[in-house]
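1. Following is a predicted model, sequence given first.
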Amino acid sequence: VTSFERATVDALREHPDVIVVGEMRDLETIKNAITLAETGHLVFGTLHTKSVVESIDRMVDIFPPEQQPQIRVQLSSILNGIVHQTMLNSGEGIVVLCEVLMMDSVLSGMLKNPAQSGASQIRDYMRGKAESGCVHLVDNIFWHITSGRLKIADVKNYLSEPDQQLLANRLSKFAITKK
């Protein structure tokens, strides 16, 4: 194809069930991915970010400030989920750390309101939503540590201070219940 825009138009004419956009690194690509999703297609794309929340921020912040409220509304209605993964060398080998955000009506409402969609609010909400498919990064790291795949020293510099404290609390409760 001659351009990404042309490819999106051509893709819609083919009546696809799934569209893979690939890396969404510029305004045009993200804008087209949103448009494709608004037409009812399942769209997959990748972003190079450090968390699920940073993925949302990247998609919103690439737009001019006057368009960001509308983009938040659009994303709140089309976004189904975000999976973030990071490869971590544990000394024993590579371990995949995973964080999963599955959208629901509460998260959709948070996304529409910038005051409610900060990293701490969304990540705090994710912690209590494992039954809906959300995986908080600390929960995933906890699983890796208790399964013997990682040691706390492997992730100490990777986690923020609040997440380090949350992990330490989880591990101390685990040690007590294990006795």
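-> Nice, thanks for sending it over. Numbering: from 1, shown residues only.

2. Output the lowest mean pLDDT helix or strand found in this structure.
-> Using mean pLDDT, DSSP states H and E, the weakest-scoring helix or strand in the chain turns out to be helix 4-13, at a mean of 76.

3. how about the residue most central in space within the chain, what does it touch?
-> Nearest to the geometric centre of the chain sits Val52, at 2.3 Å (CA atoms, centre = their mean). Residues in contact with Val52 (CB atoms under 8 Å, 6 or more residues apart in numbering) are Ile82, Val83, His84, Glu99, Val100, Leu101, Ile122, Met126. Every residue, glycine included, has its C-beta placed from N, CA and C.

4. Using PDB, write out the CA atom coordinates for the longest helix anywhere in the chain.
-> Ranked by number of residues, the top helix in the chain under DSSP state H is helix 161-178. Once non-C-alpha atoms are left out, helix 161-178 reads as follows in PDB (Å, rounded to 0.1, in the frame of the first residue of the first chain):
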ATOM      1  CA  GLU A 161       8.500   2.500  46.400                       C
ATOM      2  CA  PRO A 162       4.700   2.000  47.000                       C
ATOM      3  CA  ASP A 163       4.800  -1.200  45.000                       C
ATOM      4  CA  GLN A 164       7.900  -2.500  46.900                       C
ATOM      5  CA  GLN A 165       6.000  -1.900  50.100                       C
ATOM      6  CA  LEU A 166       2.900  -3.700  48.800                       C
ATOM      7  CA  LEU A 167       5.000  -6.600  47.700                       C
ATOM      8  CA  ALA A 168       6.700  -6.800  51.100                       C
ATOM      9  CA  ASN A 169       3.400  -6.800  52.800                       C
ATOM     10  CA  ARG A 170       2.000  -9.600  50.600                       C
ATOM     11  CA  LEU A 171       5.200 -11.700  51.100                       C
ATOM     12  CA  SER A 172       5.100 -11.300  54.900                       C
ATOM     13  CA  LYS A 173       1.400 -12.400  54.900                       C
ATOM     14  CA  PHE A 174       2.300 -15.300  52.700                       C
ATOM     15  CA  ALA A 175       5.100 -16.400  55.000                       C
ATOM     16  CA  ILE A 176       2.800 -16.300  58.000                       C
ATOM     17  CA  THR A 177       0.000 -18.300  56.300                       C
ATOM     18  CA  LYS A 178       2.600 -20.800  55.000                       C
END
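
5. Having no further points to raise, I will conclude here.
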